[in-house]
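J.: kindly generate the corresponding structure for this input.
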Amino acid sequence: MRIVGGKYRGKKILSPTHVSTRPTSDRTRETIFNILFHNPSFEPQVVLDKAVLDVFAGTGALGLEAYSRGAGSVTFVENNKNILPILYSNVKTFGLPSSCVLEQDALALKSNANFPFDLIFLDPPYHQDLILPTLIELQAKGWIDKNAHILLEIAKDETVSLPPFLSLVEERISGAAKLLFCSVHA
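T.: Below you'll find the predicted structure:
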């Protein structure tokens, strides 16, 4: 796996050898960022200098791709002990501090007293119905900015109910994944 665009284009990302983690492919990440940058529903600076949250981060590929493309900060949430060493290694390779990794369950995060996030990637294990409860938790605990954009990655045969504070902007199939691009609304 490699970064597909931005300052670190071509830089290698470590990926797991075990099958319990499903990293977002290079091609799917390229699709994600093309939509973010070119869909008129998103502002032109959707990533630049933004606070990015990568939930169920795995290898950190989505957050690292955002960092390569100009994100101001990236925070990774992951609690799988088998993938954490790879995530920490990838974060270190990109010169990010290890403190940007939160070893926590996404459904048990503490209140966010720092700042809400502008761009959020949510890519949980498929078919475990984690999207809606995670979004509700993030909103209730102050992790989501009032103007945030959220990308949900689910299996292409899955359906998900969106909470009332989110609007679907675009839906796209990429390989085995269904990508749901959402925006927060008042």
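J.: the longest strand in this structure is where?
T.: Ranked by residue count, the top strand of the chain under DSSP state E comes out as strand 144-155.
J.: what packs against that one?
T.: In terms of contacts (3 or more CB pairs under 8 Å, 6 or more residues apart in numbering; DSSP states H and E), strand 144-155 is packed against helix 26-38, strand 117-122, helix 131-140, strand 177-184. (Each C-beta comes from the backbone N, C-alpha and C, glycine too.)
J.: and the next helix or strand past it?
T.: As assigned by DSSP states H and E, the chain's next helix or strand after strand 144-155 is strand 166-174.
J.: dump that following strand to CSV, restricted to CA.
T.: Only the C-alpha atoms of strand 166-174 are listed here, as CSV (Å, rounded to 0.1, in the frame of the first residue of the first chain):
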residue,chain,number,x,y,z
LEU,A,166,-26.3,13.8,8.9
SER,A,167,-27.3,14.2,5.2
LEU,A,168,-26.1,11.9,2.5
VAL,A,169,-24.3,13.8,-0.2
GLU,A,170,-23.0,11.0,-2.5
GLU,A,171,-22.9,7.3,-2.5
ARG,A,172,-20.4,5.3,-4.5
ILE,A,173,-19.4,1.6,-4.8
SER,A,174,-15.6,0.9,-5.0
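J.: give me the contacts around it.
T.: 25, 27-28, 31-32, 35, 39, 41-42, 135, 149-150, 156, 162, 178-185 (CB atoms under 8 Å, 6 or more residues apart in numbering).
J.: let's verify V91: helix, strand, or coil?
T.: At V91 the chain is in helix, as set by DSSP: H, G, I helix; E, B strand; the rest coil.
J.: what comes up buried for the longest strand of the chain?
T.: I144, D145, A148, H149, I150, L151, L152, E153, I154 (16 or more other CB atoms under 10 Å).
J.: contacts only, for the closest residue to the second one other than its chain neighbours.
T.: Excluding its sequence neighbours, the residue lying closest to D145 (CB to CB, 6 or more residues apart in numbering) is P116, at 3.9 Å. Counting by CB under 8 Å, 6+ apart, P116 makes contact with A51, G142, W143, I144, D145, K146, A148.
J.: show me where pLDDT drops low in the chain?
T.: For the chain, the stretches with pLDDT under 70 are 18-22, 113, 186.
J.: residue nearest the centroid of it?
T.: Central residue of the chain (CA atoms, centre = their mean): F121, 2.1 Å from the mean position.
J.: listing partners with orientation, what would you give for the helix or strand where V52 lies?
T.: If you go by DSSP H and E, V52 is part of strand 51-55. Applying DSSP bridges, strand 51-55 is found paired with strand 73-77 (parallel), strand 117-122 (parallel).
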